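Next one to model:
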Amino acid sequence: MANRSLSLDDGLYRYLQGVGVREPDVLARLREATEREEGAEMRSAPEQGQFMAWMLRLMHASRVIEIGTYTGYASLWMALALPEDGWLVTCEVEQRWAFIARRFWEHAGVAGRIELHLRPAMETLEMLMRSGERESYDFVFIDADKERYAEYYEASLQLLRKGGVIAVDNTLWGGAVADPKRHDASTEAIRSFNRFVHDDDRVDLAMLPVADGLTLLMKR
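Numbering: from 1, shown residues only. So this is what the prediction gives:
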């Protein structure tokens, strides 16, 4: 028995995947295609994608923002969890990854509920705010350049309704956040972000040891 989160060795992780994840075939094919891409480590873990999809269904969410699309694996998990009239706005800067994402969204039949903006994410978030969409989104997933997490968070709070959730990826950063020898820009940015949201009374907080660390922030 354990009173703290387990460390997952390869065997236990395979067991988790085998009995704890129901990954649709189209998502498995996208995951396998992503493994051949540069930066494949940026893809969300299957258990994380499934967890976020589960959350969207639990919340009856219909409007989602994703900051950092990559090849669209997390987008696809979330889009499949949305109702027919659901809407997901996702932000990416790399055309080649967007091409892969769109292809699999079409295969899954959800391309019509995903709006991809191919430009810096802050431009899209500011456009949404100018368009009168403050406090109109149910869920935001932040998984982009770590040095701008604080900016993305502040913009996301403005776009999120009360009771909505922001999910922030990589908040344990491979353990680097707890390593006193690590002072690179991304590590320091995540440390700063983690400290800030811990003390932010605008949200309720839960940091989970899922994949590379997933922090959930519910807007009060």
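
pLDDT at the residue nearest the centre of the chain, what is it?
Central residue of the chain (C-alpha atoms, centre = their mean): Phe141, 3.7 Å from the mean position. On pLDDT, Phe141 comes in at 98.

Likewise for Ala2?
On pLDDT, Ala2 comes in at 63.

all helices of this structure, in order?
10-20, 25-34, 46-59, 73-81, 95-108, 121-130, 149-159, 185-198 (DSSP state H).

okay if I get these as a markdown table plus distance to Asp204?
C-beta: built from backbone N, CA, C; applies to glycine. Converted to a markdown table, these look like this (distance: least, C-beta to C-beta, whole Å):
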| stretch | distance to Asp204 |
| --- | --- |
| helix 10-20 | 26 |
| helix 25-34 | 30 |
| helix 46-59 | 14 |
| helix 73-81 | 21 |
| helix 95-108 | 31 |
| helix 121-130 | 22 |
| helix 149-159 | 13 |
| helix 185-198 | 10 |
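
Single out the most deeply packed of those.
helix 73-81 (a mean of 25; mean count of other C-beta atoms under 10 Å).

So what touches that helix?
In this structure, residues lying in contact with helix 73-81 by C-beta atoms under 8 Å, 6 or more residues apart in numbering are 24, 26-27, 30-31, 34, 43-44, 48-50, 52-54, 56-57, 61, 64, 66, 69, 86, 88, 90, 101, 104-105, 108, 110, 113-114, 139, 141, 143.

and that helix, how far from the chain's centre?
Relative to its parent chain, helix 73-81 has a centroid offset of 10 Å by C-alpha atoms, centre = their mean, to the nearest Å.

Tell me what angle it forms with helix 95-108.
Here helix 73-81 runs at an angle of 30 degrees relative to helix 95-108 (axes from the mean of the first three to the mean of the last three C-alpha atoms, to 10 degrees).

For helix 73-81, output the C-alpha coordinates as CSV.
Output in CSV follows, covering the C-alpha atoms of helix 73-81 (Å, rounded to 0.1, in the frame of the first residue of the first chain):
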residue,chain,number,x,y,z
TYR,A,73,-3.1,14.4,-30.6
ALA,A,74,-4.6,16.2,-27.5
SER,A,75,-6.9,18.3,-29.8
LEU,A,76,-8.3,15.1,-31.2
TRP,A,77,-8.9,13.5,-27.8
MET,A,78,-10.8,16.7,-26.7
ALA,A,79,-12.7,17.2,-29.9
LEU,A,80,-14.0,13.6,-29.8
ALA,A,81,-15.4,14.4,-26.3
